[in-house]
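Participant: Build me a structure from this.
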Amino acid sequence: MATPRPGAPGALRTAVLGGTGWLGRHVCELAARRGHHVLAVARRPRPHVATHQFAELDLARASPESIGRLLREHRVDVVVNATDAANATDGWARTDEDLADLNLGLVRRLLAALGTVEGRVRLVHIGTMHEYGEVPAGTVMDEALHPRPVTPYTRSKLAGSQAVLAATRTGAADGLVLRVANVSGPHPSPESFPGKLVALLREAVATGDRMPVTLGDALRDFVDVRDVAEAVLKAVESTATGQAVNIGSGTAVDMPTLVRLFVTAAGYPAEILDERAQEVRSLGGAWTRADIQRAAHLLGWRPRTTLAESLRDMWRTDRAEHRPVVGR
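Facilitator: From the prediction side, this is the model:
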């Protein structure tokens, strides 16, 4: 296991690119609780980052000079790149050029910006397990697996991760790539599958109708977003560098089981579901199951939240945010 970075972790000035997103907000919250000085960076502020310092920057268009200036002005020690061109706030309707601009172009511009900052700024880059591409069902996906992505999204994500790893090999950067499995848990992005499940159940509860859901035959590894944030912070505070690390639950679950577990964890009978089977559009392969031994060895990280707990809390936080205001 890697030793902690020199100095008290609380002294770290941590910039979270994409700090208003699903994972970014949890990374910001956990880093702040750990005593980090948090800078959330995104195109526009959101209410949940009001307690953190915020910098407005269009990361899809920002130049290396503007990024470097931001890092220098805030004397940043660590950058967490939690951006993703499939940002669910905007939806998945992206051109190949859009995907490349953020998933790869930003990474290149960020690496160039890091070269203008005095001292070594650590970089934790958030990739995806889908970078590995399609694998046979039953495969336990470890970091030795040769990536073969086939979609524009996964190819652009892999290219971004590879750019970071190449920079660490030459000594131009210091940090890790975390390849994250599918995410569940509180405050899901609206266009993600968990976010759509929450919206569908919310509508069914409000109308008294059944909950229609279209399901494919994929089996995927789901990990709670708070556990992912914990992995990010362990990567931030580690001295390990130059490696890709898988972050997941280590278990594959089929979509019908996931949906039924969500509904029952939310406190409703499975009979509320109106399940419809057909091929479903996806950003990645039909099977994912992460080998997480490297994360345990290198970072001392293991997931702590069960899928049922993650889905239950996902629903509870949504209900709290959408609870009707009762007049006096």
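
Participant: going forward, measure contacts and count neighbours with C-alpha atoms only.
Facilitator: OK.

Participant: what about the chain, any weak spots by pLDDT?
Facilitator: By pLDDT under 70, the weakly predicted segments of the chain are 1-10, 87-94, 279-282, 324-328.

Participant: Helices of this structure, start to end?
Facilitator: 22-33, 64-73, 96-100, 107-114, 152-169, 193-207, 225-236, 255-265, 293-299, 307-321 (DSSP state H).

Participant: Which of the ones you listed sits closest to residue 55?
Facilitator: Residue 55 sits nearest to helix 64-73 of all the helices of the chain, at 8.3 Å, using Cα to Cα.

Participant: Need the CA coordinates for the closest one. PDB is fine.
Facilitator: C-alpha atoms of helix 64-73 as PDB (Å, rounded to 0.1, in the frame of the first residue of the first chain):
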ATOM      1  CA  PRO A  64      -4.100  25.700 -21.400                       C
ATOM      2  CA  GLU A  65      -3.300  29.300 -20.400                       C
ATOM      3  CA  SER A  66      -6.600  29.900 -18.700                       C
ATOM      4  CA  ILE A  67      -6.400  26.600 -16.900                       C
ATOM      5  CA  GLY A  68      -2.800  27.200 -15.800                       C
ATOM      6  CA  ARG A  69      -3.700  30.700 -14.600                       C
ATOM      7  CA  LEU A  70      -6.500  29.300 -12.500                       C
ATOM      8  CA  LEU A  71      -4.300  26.700 -10.900                       C
ATOM      9  CA  ARG A  72      -1.600  29.200 -10.200                       C
ATOM     10  CA  GLU A  73      -4.000  31.800  -8.700                       C
END
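
Participant: elements contacting it?
Facilitator: helix 107-114 (3 or more Cα pairs under 8 Å, 6 or more residues apart in numbering; DSSP states H and E).

Participant: Can you check the distance spanned by stretch 172-187, start to finish?
Facilitator: For stretch 172-187, the first-to-last residue distance is 35 Å (Cα to Cα, to the nearest Å).

Participant: chain center to that stretch, what's the gap?
Facilitator: 5 Å (Cα atoms, centre = their mean, to the nearest Å).

Participant: before we move on, back to that, in TSV, list the helices of the chain along with distance to residue 14 and mean neighbour count.
Facilitator: Below are the helices of the chain laid out as TSV (distance: least, Cα to Cα, whole Å; neighbours: other Cα atoms under 10 Å):
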stretch	distance to residue 14	mean neighbour count
helix 22-33	8	22
helix 64-73	10	18
helix 96-100	25	17
helix 107-114	14	22
helix 152-169	18	21
helix 193-207	28	17
helix 225-236	9	24
helix 255-265	34	19
helix 293-299	18	18
helix 307-321	26	19
